[in-house]
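>>> sequence-free structure coming up:
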């Protein structure tokens, strides 16, 4: 590690992995509730388990992004982090707030939680992905501000690389757009309209800047390709992401009571949203082919390639599948959406966090790369999780196609629950794939504990110059 | 990428493109804000409907159901439930009220939320209001 303050990233990465485990356990519970409807009922109803599943995902990805920033910003800025103490304090505040919120979901009925946290003062609860009590949301804003101050001061005082500037832009965008989580108008149409300013403009907007900059950083380090080349690519990729993604928000405005011209704006622009992801895949493979060094961390390289491919498939291809208005008319709010959501989040955001952890964690633990045996285990985990996620997506797509056909497209559409029972086989298969994912995750965790003998450092490069 | 295409060109596309499309998006947002009153059924937005929306939120209904296609995919679409239940708020109230506390063995079941009569009426009124939003002909049929 070049700067000692980069070490604050380590607890963030550990917390991220810990919460990831919780997320997947609840995912498996949800998958089972799809086929055994009364599983854990009424103790943990589906909506509660789902809140835990999705909120843990968001929180652990945020831990991952923050850890990534604390790791790479000092290295790019070529100076110590502005305040490691603040970074450590915010870690505990965020972890505690997150844990209390999840416990709140699990221990008391949601309406009680709303009551206990004085939701009536400023009602923000009960919207998808933004279910956190208002007080938690305020906490998130405070943590985000402290974090941005810390990282921003570091960037401003140091070398301003494209990676740092793009990362900082993405993080500022993330924090600013989150403020729309506090705007909950009574008018349902406007509520939905601005809800997407958080959700869509995060995952199909500013998060892509974060994704791109982390990927660029890891590729610079692992391939040794000239920074100028990588930064040029980064600019083009994020340019395309914002050019297509901002107006692409329109693909959520087809059927919520907004003007119908959004069907055109949304279809045309979101149809182009796969372009930045395709470019990202081309970029990653191109850089790896032109690599000037053989970095000993092969696992990190695999994760980087995996991110590029899976983000393109999940966000790009599966997004395109149902983004055109005439198609979306039939697929909107079906298992097709769930299929896309799973592979897109895994491919783009889970994998980029695992990429940076794979690259940085060995260095934070005093090695240039993990022992080759540990890397083999990690790569097994990569394949188990990635392949099972492909199958989860395929099975959900199967369920979704049948659902669309039986419930929406035929002459005599069947009721929702009747259709759900007819497609149950796909949910069983999805659950099996989910269990394989859990095994993959256990393998991943185990890879950190695989002990190797003394190993030679990479011959051509030392850690400090990596 | 070739040498002809330089990093500063890439940067300019990024800055210029972002600013242009942010402005375009804001312009469309402005127009949408102007045009939604024609479709958003705001005439039906009473205090009862607002209370119903709060009841909807504070019981996390979106965690299982979709509303105008957004939410979870575990339980039926509710954007048109008012029509599916024969244009009857009473039917909606009766359904919510009658959910068994212990669920239904082996099957999905909506929890018993123990709502007051006022809350029940309000959430039903909210769902009626939602069903009368002009959602461009969505959902395709009564099954949602």
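Yep, it's here. Remember, predicted model here, so these are calculated numbers, not experimental data. Numbers count the residues shown, from 1 in each chain, chains lettered A, B, ... in the order given.
>>> who's in contact with residue A:117?
Counting by CB atoms under 8 Å, 6 or more residues apart in numbering or on different chains, residue A:117 touches A:104, A:125, A:133-136. For glycine as for every other residue, the C-beta is placed from the backbone atoms N, C-alpha and C.
>>> Let me see the domain layout of chain B.
B:1-38, B:42-144 (automatic domain parsing).
>>> okay, these in TSV with mean pLDDT next?
Formatted as TSV, the domains of chain B follow (pLDDT from 0 to 100):
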stretch	mean pLDDT
domain B:1-38	94
domain B:42-144	97
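>>> hey, which of these is tucked in deepest?
domain B:42-144 (a mean of 19; mean count of other CB atoms under 10 Å in any protein chain shown).
>>> same question for stretch A:130-140, mean pLDDT?
The average pLDDT for stretch A:130-140 rounds to 97.
>>> cool, stretch A:10-21 as well?
Mean predicted confidence for stretch A:10-21 is 98.
>>> In a helix, residue B:113, correct?
No - under DSSP: H, G, I helix; E, B strand; the rest coil, residue B:113 falls outside any helix and is assigned coil.
>>> I'd guessed it sits against residue B:96; true?
Yes - proximity of residue B:113 to residue B:96 meets the contact threshold set by CB atoms under 8 Å, at 6.9 Å.
>>> contacting residues for whichever residue of the stretch 51-200 of chain A sits closest to chain B?
Using CB to the nearest CB, the closest approach of the stretch 51-200 of chain A to chain B is made by residue A:126 at 2.8 Å. Shown in contact with residue A:126 (CB under 8 Å, 6+ apart): A:110, A:114, B:56-62.
>>> Now render those as JSON lines, adding distance to residue A:323 and secondary structure.
What follows is these, written out as JSON lines (distance: CB to CB, whole Å; DSSP: H, G, I helix; E, B strand; the rest coil):
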{"residue": "A:110", "distance to residue A:323": "32", "secondary structure": "helix"}
{"residue": "A:114", "distance to residue A:323": "34", "secondary structure": "helix"}
{"residue": "B:56", "distance to residue A:323": "28", "secondary structure": "helix"}
{"residue": "B:57", "distance to residue A:323": "28", "secondary structure": "helix"}
{"residue": "B:58", "distance to residue A:323": "32", "secondary structure": "helix"}
{"residue": "B:59", "distance to residue A:323": "31", "secondary structure": "coil"}
{"residue": "B:60", "distance to residue A:323": "28", "secondary structure": "coil"}
{"residue": "B:61", "distance to residue A:323": "26", "secondary structure": "helix"}
{"residue": "B:62", "distance to residue A:323": "22", "secondary structure": "helix"}
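>>> Nearest to residue A:418 among those?
residue B:61 (21.4 Å; CB to CB).
>>> any idea how far residue A:125 is from that closest one?
12 Å (CB to CB, to the nearest Å).
>>> what number of residues lie near residue A:13?
Using other CB atoms under 10 Å in any protein chain shown, residue A:13 has 24 other residues around it.
>>> And for residue A:48?
25.
>>> Low-confidence ranges, the stretch 51-200 of chain A, go.
Low-confidence segments of the stretch 51-200 of chain A (pLDDT under 70): none present.
>>> Quick check: residues of it near chain B?
A:51, A:110-111, A:114-115, A:119, A:123, A:125-128, A:131, A:162, A:184, A:186-193 (CB under 8 Å from any CB of the partner chain).
>>> Could you rerun that using 6 Å?
Within the stretch 51-200 of chain A, the residues that sit near chain B (CB under 6 Å from any CB of the partner chain) are A:51, A:110-111, A:114, A:125-126, A:128, A:186-189.
>>> Can I get those in CSV including distance to residue A:89?
Output for those, formatted as CSV (distance: CB to CB, whole Å):
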residue, distance to residue A:89
A:51, 27
A:110, 30
A:111, 33
A:114, 29
A:125, 27
A:126, 31
A:128, 31
A:186, 38
A:187, 40
A:188, 40
A:189, 41
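>>> quick check, nearest of those to residue A:94?
residue A:51 (18.0 Å).
>>> Now do the domain split for chain A, please.
A:1-160, A:217-448.
>>> can you give me the helices for chain B?
According to DSSP state H, chain B carries its helices in the segments B:7-35, B:47-58, B:81-84, B:89-97, B:117-131.
>>> Centroid-nearest residue for chain B?
residue B:67 (3.8 Å; CA atoms, centre = their mean).
>>> Test of understanding: give the bridge partners of it.
residue B:70 (DSSP bridges).
>>> Surely it and residue B:79 touch.
Yes - counting by CB atoms under 6 Å, residue B:67 touches residue B:79, with 5.3 Å between them.
>>> Reformat the helices of chain B into CSV and put distance to chain A next to each item.
Output for these, formatted as CSV (distance: least, CB to the nearest CB, whole Å):
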stretch, distance to chain A
helix B:7-35, 4
helix B:47-58, 3
helix B:81-84, 9
helix B:89-97, 13
helix B:117-131, 6
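>>> Run through the residues of the stretch 301-450 of chain A sitting next to chain B.
A:332-333, A:335, A:338, A:407-408, A:413, A:415-416.
>>> In a markdown table: the residues you listed, plus secondary structure.
Shown next, in a markdown table, are those (three-state DSSP):
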| residue | secondary structure |
| --- | --- |
| A:332 | coil |
| A:333 | coil |
| A:335 | helix |
| A:338 | helix |
| A:407 | helix |
| A:408 | helix |
| A:413 | coil |
| A:415 | coil |
| A:416 | helix |
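>>> Return the members of those classed as buried.
With burial judged by 16 or more other CB atoms under 10 Å in any protein chain shown, the buried subset of these is A:332-333, A:335, A:338, A:407-408, A:413, A:416.
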